[in-house]
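[1] how would this look folded up:
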Amino acid sequence: MARYTFVLLLLVSIGLTADQQPAGHAGLEAVIDAVMTRGGRGGATAATPSSDPADVLARLRAIDPKELSFDEQIDRRFAETILIGRLVVTPAGKPMGEAAYSRMLREQHLLPYDAAGLWTYAQSQFDATVRELEALARAIDPKKTWRQIADEVKQDHPEPMRMIEAHQEIVDKARAHLLAKELMALPVREICTVVRRVPTAGNNPYYGNFSGATARPPADNGTWRGEWHINPFDPTWDQVRQRDYLTEHDWGVIYVTAPHETYGGHHVQVLYQMQNPRRLRQRQSTSMFSEGWGLYNEQLFQETGFLPTERLHLRQLQLKLWRNARVIYDVGMQTGRMTRDQAITLMTDRVGFLRWAAEAEVDSALARPGYFIGYFMGMSEILKMREEFKQRRGSAFTLKDFHDRLLRIGSMPPALVREVLMHPMTAPASRDR
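    Numbering: from 1, shown residues only. Modelled structure (predicted):
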């Protein structure tokens, strides 16, 4: 989730494994080296200066696709999207504008929308989720609105001084659910723990953040550990801050968010990514898949019976509505269709955020144009892939097979993931270890 500042320290930062793929096309490998020089967020060093993305893109496009294998062609196109993403960035706080935003959608994220089309789609999806909320509210209590029921759910929270333990309890339940329902394989020996978040310099997420298994070496027995860092409750806070903290740490948000951050969301996706034999896919990721995968798991776990009550289902839909809103105000603010104040009002009046939380949310989106649309749009594309894969597989379809295949492909724009997924399916699904 965006407010949890997903911390994915990819292998380029720590050199976890040697490249596993055989030597490939020399020109493509050189371009991949240039793309990865910049790495995740570490940047280039004096010894390995970053390359001009326009120059690297020209070199990439000069490569004849006919000289490449299928996997190399996918890597070539993935590298192209990364470079275009670096070219369309604008100075912090400056709107992208219609043309640049449309280019980002079409050429970086490979979505079938321009800015105007995404604006219309986002509005329609927001309205559709509101209708789901209204129908579910009528089934729960016809005398109450969905907002009233959601506000009631947010008053039910763990004992404040046991907040970390409460999160771990739900994480453990999510792991057990994943295994019992055979949703996906856990590809390596692993563990995911909830720990107290330590404040850092600068802005701090008010909820917490996730730190993937690549952020630390494995234990002596080979176990890789992901960590969900949660800001703890502080009894010395004033009453208003205590109230706001507990309102945003209810059992509903914990039940919904654990599958997003841990099993089978970011934690599991990172475990697969660190094993990807294609070095570009092992070391690079896109929010359009990784954050879409996280949100997809919120829905997946609801579909498969993880949420114990319909009231928590309603909370899950409210959190989905938040991600619907993100698409609206991202395209809106970046193309002049919406002001910051209008975006904040959307979050407070239509989604149900506290004002200070809405302001922080909208300002985060302004600082990272195009990032937060990855949640809802990525989930939407994964659901489309699932339906198409199910139609093709017929009676042989299982969720586990679909998820294992998807995760092995890599965190690329969904259009590229789909192309690999629908390629002649000769490779077996991964096995549990």
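
[2] so for stretch 222-236, mean pLDDT?
    Across stretch 222-236, pLDDT averages out at 96.

[3] now it: how far from the chain's centre is it?
    Remark: stretch 222-236 is offset 19 Å from the chain centroid, using Cα atoms, centre = their mean, to the nearest Å.

[4] endpoint to endpoint, that stretch covers what distance?
    Stretch 222-236 has an end-to-end distance of 40 Å (Cα to Cα, to the nearest Å).

[5] go ahead and confirm residue 405 touches residue 423.
    No. The pair residue 405 / residue 423 is not scored as a contact, 10.4 Å apart, by Cβ atoms under 8 Å. Placement of C-beta: from N, CA and C, glycine included.

[6] ok, and residue 182, which helix or strand is that part of?
    Assessed by DSSP states H and E, residue 182 sits outside every helix and strand.

[7] residues near it, how many?
    14 (other Cβ atoms under 10 Å).

[8] give the contact list for it.
    By Cβ atoms under 8 Å, 6 or more residues apart in numbering, the residues touching residue 182 are 398-400.

[9] distance of it from residue 399?
    Using Cβ to Cβ, to the nearest Å, residue 182 is found at 7 Å from residue 399.

[10] and what of residue 261?
    Distance, residue 261 to residue 399, using Cβ to Cβ: 20 Å.

[11] residue contacts, the residue nearest to residue 299 when sequence neighbours are not counted?
    For residue 299, ignoring the flanking residues on the chain, the nearest one in space by Cβ to Cβ, 6 or more residues apart in numbering is residue 379 at 6.8 Å. Neighbouring residues of residue 379 by Cβ under 8 Å, 6+ apart: 292-293, 295-296, 299, 323.

[12] ok, residue 405 and residue 423, which is more surrounded?
    Legend: neighbour count by other Cβ under 10 Å for residue 405 and residue 423, higher for residue 405 (20 against 13).

[13] that one belongs to a strand?
    No. Counting by DSSP: H, G, I helix; E, B strand; the rest coil, residue 405 is not part of a strand but helix.

[14] quick one: pLDDT of it?
    97.

[15] which residues in the chain form strands?
    Using DSSP state E, the strands of the chain run over residues 190-196, 208-211, 224-230.

[16] most neighbours per residue, which of those strands?
    Among the strands of the chain, strand 208-211 has the highest mean neighbour count (mean count of other Cβ atoms under 10 Å), at a mean of 24.

[17] which other helices and strands contact it?
    Under the contact criterion of 3 or more Cβ pairs under 8 Å, 6 or more residues apart in numbering; DSSP states H and E, strand 208-211 touches strand 224-230.

[18] other SSEs contacting the strand it packs on?
    Short answer (3+ Cβ pairs under 8 Å, 6+ apart): strand 224-230 packs on helix 163-180, strand 190-196, strand 208-211, helix 266-273.

[19] the first one to helix 266-273, inter-axis angle?
    By that I understand helix 163-180. Helix 163-180 runs at 50 degrees relative to helix 266-273, counting by axes from the mean of the first three to the mean of the last three Cα atoms, to 10 degrees.
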